[in-house]
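Peer 1: Pasting the sequence and the predicted model now:
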Amino acid sequence: MEITSHIINEIGKEKQRQKAEPLATSSASSQSKENLQKLEAIFFVSGRFLSMSDLISLSDLNPIVIKETIEKLQQKYNKQDSAIEIIEKNNMWKMDVGQEYSSIINKLATGSAEFSTAEQKTLAIIAFKHPIKQSIVIKIRGNKAYDHIKKFANLDLIKKKKTGHTYELTLNHEFYNYFNITDPDNPLKKQIGEG
């Protein structure tokens, strides 16, 4: 009788272990996937070689997990025949495009920026001072700013409202989307008007 109850207890314990194992495996798999996505995002955004200390401070992961995760990322890109790869140089890592695509990258890299330096300065003044009269922007930036303002309005980055003989310029909601400004505490975000 005592042996039978002991066997029943052991069977019960074994069933509990079997139930717990898939949960532990599932949790570990989920954590591993999260680590992989975290490092992938870090590499994607950085665009430069990162040391182990950089990766530790950016990811809050330990060096062993980082090494394992980098290997998984490298395997992932190799399996998928991806144009993206993780390269290692002097114990530093970087996400890059494969050598066979370097001609495409060179064409893009040597192209012009989306906004000229003059346009960037004009937009910076509008963003910093808005609402601001167009006539004031023209006084500060010169007549070329008319073209800049027209371009920004066409891209819906700014709104133009007729006031007297000039326009009042304010940032549009698209400005925040375009420049990926999502921080609710951003002072520019607080100044945007509805409408």
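Peer 2: All right, it came through fine.
Peer 1: Please identify the helix or strand for the residue most central in space within the chain.
Peer 2: The C-alpha lying nearest the average C-alpha coordinate of the chain belongs to V45 (C-alpha atoms, centre = their mean; 5.6 Å). Counting by DSSP states H and E, the element that carries V45 is helix 2-46.
Peer 1: Note down every partner strand of the next helix or strand along the chain from that helix and its orientation.
Peer 2: For helix 2-46, the following helix or strand on the C-terminal side (DSSP H and E) is strand 50-51. In the sheet, strand 50-51 lines up against strand 92-97 (antiparallel) (DSSP bridges).
Peer 1: Buried ones in the partner strand, by neighbour count?
Peer 2: 93, 95-96 (16 or more other C-beta atoms under 10 Å). Quick note: C-beta positions are derived from backbone N, CA and C, even for glycine.
Peer 1: In TSV, list those residues along with distance to Y167 and pLDDT.
Peer 2: Shown next, in TSV, are those (distance: C-beta to C-beta, whole Å; pLDDT from 0 to 100):
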residue	distance to Y167	pLDDT
W93	50	93
M95	44	90
D96	45	86
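Peer 1: now, which of those sits nearest L169?
Peer 2: M95 (38.7 Å; C-beta to C-beta).
Peer 1: So that closest one versus K162, what's the distance?
Peer 2: 48 Å (C-beta to C-beta, to the nearest Å).
Peer 1: quick one on the thing from earlier: just give me the closest of the buried residues of strand 92-97 to L171.
Peer 2: Using C-beta to C-beta, the buried residues of strand 92-97 come closest to L171 at M95, 32.7 Å.
Peer 1: Would you map the strands across this structure?
Peer 2: 50-51, 84-89, 92-97, 132-133, 158-163, 166-171 (DSSP state E).
Peer 1: So the chain: which segments form each domain?
Peer 2: Domains of the chain are assigned by automatic domain parsing as 2-102, 117-191.
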